[in-house]
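Student: Just a sequence and a predicted model for now, questions to come.
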Amino acid sequence: MSRLKALGFLLVFLIPATLPAAAWLAAHALPADVAAWFPLVALFIVLPLADYALGHDSANVPAEQERAFAHSRWFRGLTVMALPVHVGVLAWSAWWFVGAELGPAGIAGWLLSQGVVGGVLAINTAHELIHKDSRFEQTVGGLLLASVGYHGFKVEHIRGHHVHVSTPEDASSARYGQSLWHFLPRALVNNTRNAWRLEAERLRTLGLPALHWRNELIAWTAVWLAMAAGVTAWLGATGLAFFLLQGLFAAGSLEIINYIEHYGLERRRLPDGRYERTTHLHSWNSDYRLSNLMLFQLQRHSDHHAFPKRPYAILRHHADSPQLPGGYAAMFVLALVPPLWFRVIHPRVDAFRATRTGA
């Protein structure tokens, strides 16, 4: 990996910077209700255009260099640094929101903007951290998830999604022909319910009740409630509403990405009733250079599901994985309009299925 690409992962911090940039625009150039939408314009119009302009990056780290990159303090430090950056920007964003004189359009724009920023900086980074073995990184990941109230992801993603991905048992794997708007509320509800069920099952194997202090989700819920109480004491009811809604929109952003990552892909059921092993053929891949840098290479999702412990810096591109026609930012917008999504993605799903059946 080149030094330039290693430094390129700093680009993730441009995403939270869009919020103070929007506040500056509101103070100097645009009506506040218009400026509040600037982060969404930057992420879902400017970024996709830049992504297509800069093109692809399908290069993989040479096998003999993987170990060095996997243990690099630089790459691990960037993910840990996301916590103070996210908490700082979230607190500032809440303060600005409460003090700003926004109309309904501006309120919607700011809350959606903060939600998407949280989906990237908090949940996406936490996704990398909760796969790590160190207790410190696990804790940082949990704090990031608690800040958006989606701490159940820490349990369900590892013990649920990675076990059942691309099967009917997985609430985060969208079926062929299922619209985003049918998928999204079910994913939010079912994944939260599954997290509590999985943690209760873990405690049951230890001979403990579900409502026990060793229930990880009770601890993270307490952290989330403490954050909510702190925001309420500081900024009142408006601050609390902001905190709750930004978390809902962050979680929604995450589940929209889940919709994109696994749409229409299936693991075969074997004669013994089990499903085939998860490989790089069961998740969509995207090798667009810029958006991969800004998402800690989440878009090399095919390799992540084949090797969940592989650090983001050395995730591999697989040419035979199903390939998205754009980065996640472009696909996010496309998924919001189901007829367009189906028109673009269904031929790719059908073609990929044909290669697997030999048709």
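Tutor: Cool, the structure landed.
Student: Next SSE downstream of the longest helix seen in the chain?
Tutor: Using DSSP state H to define each element, the chain has its longest helix at helix 216-262. Remark: after helix 216-262, the chain's next helix or strand is helix 289-294, criterion DSSP states H and E.
Student: Which elements pack onto that following helix?
Tutor: helix 47-54 (3 or more C-beta pairs under 8 Å, 6 or more residues apart in numbering; DSSP states H and E). For every residue, glycine as well, the C-beta is placed using N, CA and C.
Student: can you pull out the helices in the stretch 1-150 of the chain?
Tutor: Per DSSP state H, counting those that start in this stretch, the stretch 1-150 of the chain carries helices over the ranges 3-8, 14-28, 32-35, 38-41, 47-54, 66-70, 73-99, 104-118, 125-129, 135-146.
Student: if we can go back for a sec, give me the angle between the longest helix of the chain and helix 104-118.
Tutor: Helix 216-262 and helix 104-118 are oriented at 100 degrees to each other (axes from the mean of the first three to the mean of the last three C-alpha atoms, to 10 degrees).
Student: could you give the angle of helix 216-262 to helix 135-146?
Tutor: 80 degrees.
Student: mean confidence score for helix 216-262?
Tutor: Average pLDDT, helix 216-262: 98.
Student: try stretch 2-10
Tutor: So the average pLDDT for stretch 2-10 ends up being 91.
Student: before we move on, what about stretch 334-354?
Tutor: Mean predicted confidence for stretch 334-354 is 97.
Student: Flag every buried residue along it.
Tutor: L334, A335, P338, W341, F342, V344, I345, R348, V349, F352 (16 or more other C-beta atoms under 10 Å).
Student: okay if I get those as TSV plus secondary structure?
Tutor: Shown next, in TSV, are those (DSSP: H, G, I helix; E, B strand; the rest coil):
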residue	secondary structure
L334	helix
A335	helix
P338	helix
W341	helix
F342	helix
V344	helix
I345	helix
R348	helix
V349	helix
F352	helix
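Student: Kindly indicate which of these lies nearest R159.
Tutor: Of all those, R159 sits closest to A335, with 26.2 Å by C-beta to C-beta.
Student: what's the closest one in contact with, if anything?
Tutor: Contacts for A335 were tallied using C-beta atoms under 8 Å, 6 or more residues apart in numbering; they are L180, I256, Y259, I260, W341.
Student: if we go to 6 Å?
Tutor: L180, Y259, I260, W341 (C-beta atoms under 6 Å, 6 or more residues apart in numbering).
Student: same question, R310
Tutor: No residues are in contact with R310 under the rule C-beta under 6 Å, 6+ apart.
Student: quick thing: my sequence starts at 20, can you match it?
Tutor: That works, and once the first residue is 20, the last one we named lands at R329.
Student: so how many other residues sit close to A101?
Tutor: 24 (other C-beta atoms under 10 Å).
Student: where does it land on pLDDT?
Tutor: Confidence score, pLDDT, at A101: 98.
Student: Spatially nearest residue to it, not counting backbone neighbours?
Tutor: Among residues not flanking A101 along the chain, T144 sits closest, at 4.1 Å (C-beta to C-beta, 6 or more residues apart in numbering).
Student: which residues touch the one you found?
Tutor: T144 neighbours (C-beta under 6 Å, 6+ apart): T98, A101, L163.
Student: Now the phi/psi pair for the residue nearest to Q197 when sequence neighbours are not counted, please.
Tutor: What sits nearest to Q197 in space, not counting adjacent residues and going by C-beta to C-beta, 6+ apart, is Y282, at 7.9 Å. When read as degrees, to the nearest 10, the backbone of Y282 gives phi -50, psi 130.
Student: okay but Y282 is in contact with S191, surely?
Tutor: No - applying C-beta atoms under 6 Å, one finds Y282 not in contact with S191, separated by 10.7 Å.
Student: before we move on, back to that, burial-wise, tell me which of the helices of the stretch 20-169 of the chain comes out on top.
Tutor: helix 144-148 (a mean of 26; mean count of other C-beta atoms under 10 Å).
Student: could you give me the average pLDDT of that one?
Tutor: Per-residue scores along helix 144-148 average to 97.
Student: For the residue nearest to Q197, give its distance to Y169.
Tutor: 21 Å (C-beta to C-beta, to the nearest Å).
Student: How about L62?
Tutor: Distance from L62 to Y169, by C-beta to C-beta: 19 Å.
Student: Return the distance of stretch 35-47 from the chain's centre.
Tutor: Its chain's C-alpha centre and that of stretch 35-47 lie 23 Å apart, by C-alpha atoms, centre = their mean, to the nearest Å.
Student: The residue nearest to F361 when sequence neighbours are not counted: what secondary structure?
Tutor: Spatially, and ignoring its direct neighbours in sequence, F361 is nearest to G196 (7.4 Å; C-beta to C-beta, 6+ apart). Of the three states, G196 takes coil according to three-state DSSP.
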